[in-house]
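Peer 1: Turn this into a model:
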Amino acid sequence: MEGRFIVSGRDETRALAENFLNDLHGNEFISLTGNLGAGKTFFVKILGEIAGLKGVSSPTFAILNYYEGGKINLYHYDFYRIKKAEELYDIGFYENLDDDSAVKIAEWADLFPEAIPSQHISVSINLLDNNDREYTFKHIR
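Peer 2: Residues are numbered from 1 along each chain as shown. Below you'll find the predicted structure:
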């Protein structure tokens with residue numbers, strides 16, 4: 001799935017996430033970017049819900065949450081509180097990249113672009129004036 005999409009509210013976000021999930025098979029890396037409050041965690045929660053994963057929540061303080069048992073297994077990172085790239089080693093980030101059975105999503109991925117695999121899916125979320133969201137999906141190869 002590639003392109004730019006404008007969505008209003010939970011139902012349209014859910015439909016977009018469902019279409020996106022249909023393209024995921026495991027072993028994808030998704031860099032998720034957007035301003036504070038744009039809806040990054042909300043999108044991952046919806047994606048997890050559709051995939052049948054239980055209890056998907058923000059990894060802001062844990063930095064990493066792992067979920068399994070749904071349509072996909074998911075490593076959910078939040079780089080917001082990481083101060084230096086070396087901390088990614090401490091949480092097993094680079095080892096987890098080798099897990100072919102799981103999708104990896106990193107919120108605030110733009111804070112450590114050097115850590116992002118060269119092949120990944122870029123998802124950016126932009127909050128518009130009327131509280132709609134603009135999602136841009138792009139495959140980086």
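Peer 1: Could you look up the SS state of E114?
Peer 2: Following DSSP: H, G, I helix; E, B strand; the rest coil, E114 is assigned to helix.
Peer 1: what's the nearest residue to it if we skip its chain neighbours?
Peer 2: Nearest non-adjacent residue to E114, counting by CB to CB, 6 or more residues apart in numbering: A85, 6.5 Å away. Bear in mind the C-beta positions are built from the backbone N, C-alpha and C, glycine included.
Peer 1: For that neighbour, grab phi and psi.
Peer 2: With angles defined as degrees, to the nearest 10, A85 sits at phi -60, psi -30.
Peer 1: Which residue ranges of this structure form strands?
Peer 2: Secondary structure of the chain (DSSP state E): strands at 3-7, 29-34, 64-67, 73-78, 102-107, 120-127, 133-140.
Peer 1: closest one to L21 among the ones you listed?
Peer 2: Nearest to L21 among these is strand 102-107; the distance by CB to CB comes to 9.1 Å.
Peer 1: Looks like the residue nearest to E114 contacts L111 (just checking).
Peer 2: No: here A85 lies out of contact with L111, judged by CB atoms under 8 Å, at a distance of 9.2 Å.
Peer 1: so what pLDDT did the most centrally placed residue in the chain get?
Peer 2: For the chain, the residue nearest the mean C-alpha position is I105 (3.5 Å; CA atoms, centre = their mean). We have a pLDDT of 98 for I105.
Peer 1: Distance of it relative to S8?
Peer 2: Distance, I105 to S8, by CB to CB, to the nearest Å: 23 Å.
Peer 1: do T136 as well
Peer 2: Using CB to CB, T136 is found at 16 Å from S8.
Peer 1: who has more neighbours, these two?
Peer 2: Shown here are T136 and S8; by other CB atoms under 10 Å, T136 has more neighbours (15 against 12).
Peer 1: Return the residues in contact with the residue nearest to the centre of the chain.
Peer 2: I105 makes contact with F29, I30, L32, V44, L47, L74, Y75, H76, Y77 under the criterion CB atoms under 8 Å, 6 or more residues apart in numbering.
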